[in-house]
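Colleague: predicted structure and sequence below. I'll ask about it afterward.
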Amino acid sequence: QVQLVESGGGLVQPGGSLRLSCAASGVTFSNYVMSWYRQAPGKERALVAVINSISAYTNYGDAVKGRFTISRDNAKNTVYLQMNSLKPEDTGVYLCYAWGGVGLSYWGQGTQVTVSS
């Protein structure tokens, strides 16, 4: 059974930092492209960051470039999202997404991030 379990969310003040983790099980993690998405209230789910299977390629949504960093540890089956200089507009549920090809894609349940003073 495939599971993606996110952790690390919480309440943080503007300008603060958080580090999210997504632990995968039931898949050959190193075969998957991993991504983080944000679901904000009343808005469409948006791509935050993506990393390929061997960490050779990363890309970010325009709103987070220069502030967020995605990384992965294939030995630990985990992908991370380091979020710095957080803004209120970063608030939302952050979801982990694994893509391994046609018919091989999975979502986590998400972790809530709230940026507020």
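Modeller: Perfect, I can see it now.

Colleague: C-alpha from now on. contacts and neighbour counts both.
Modeller: Fine.

Colleague: now the residue nearest to residue 112 when sequence neighbours are not counted: which helix or strand?
Modeller: The shortest distance from residue 112 to any non-neighbouring residue, by CA to CA, 6 or more residues apart in numbering, is to residue 93 (4.4 Å). Residue 93 belongs to strand 92-99 when assigned by DSSP states H and E.

Colleague: hang on, the earlier thing: isn't the residue nearest to residue 112 up against residue 42?
Modeller: No - if you go by CA atoms under 8 Å, residue 93 and residue 42 don't touch, sitting 11.9 Å apart.

Colleague: in contact with the residue nearest to residue 112, which residues?
Modeller: 38, 39, 40, 110, 111, 112, 113 (CA atoms under 8 Å, 6 or more residues apart in numbering).

Colleague: how about the fifth one, what does it touch?
Modeller: The one in question is residue 111. Applying CA under 8 Å, 6+ apart, the residues near residue 111 are 6, 7, 8, 9, 10, 93, 94, 95.
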